[in-house]
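Enquirer: give me coordinates for this.
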Amino acid sequence: VMEFMVRDKSQVCEGKIKDLKLTQKAIFGGVIRKGKALMTYGDFEIQAGDKVVMFCLPEAIGEIEKLFN
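Expert: Model prediction:
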């Protein structure tokens, strides 16, 4: 389980979740936006300032970190 604070230039801010090239070894657990917990679906758009919870296998950690840095 990993948690990220989304920055302005993060790749995850570039469109809908379904359009991200996300490995099948990871999944979005949810987003905290302005103090509210939100479920993430394919059409969900992550915004700068969101806090994102990810679940992933150890071998996917590097790939997931690249999406947020």
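Enquirer: ok, which stretches of the chain are strands?
Expert: 2-5, 26-33, 36-38, 51-56 (DSSP state E).
Enquirer: Asn69: which of those strands is closest?
Expert: strand 2-5 (8.8 Å; C-beta to C-beta). (C-beta placed from N, C-alpha, C; glycine too.)
Enquirer: ok, the closest one: who's next to it in the sheet?
Expert: Taking DSSP bridges as the criterion, strand 2-5 forms sheet pairs with strand 51-56 (antiparallel).
Enquirer: what residues of the strand it pairs with count as buried?
Expert: Residues Val52, Val53, Met54, Cys56 are the ones in strand 51-56 that count as buried (16 or more other C-beta atoms under 10 Å).
Enquirer: and Arg33, what are its bridge partners?
Expert: In this structure, Arg33 has beta-bridge partners Lys36, where bridges are defined by DSSP bridges.
Enquirer: report pLDDT for the residue nearest to Ile32 when sequence neighbours are not counted.
Expert: The shortest distance from Ile32 to any residue other than its chain neighbours is 4.1 Å, reached at Lys51 (C-beta to C-beta, 6 or more residues apart in numbering). With respect to pLDDT, Lys51 scores 97.
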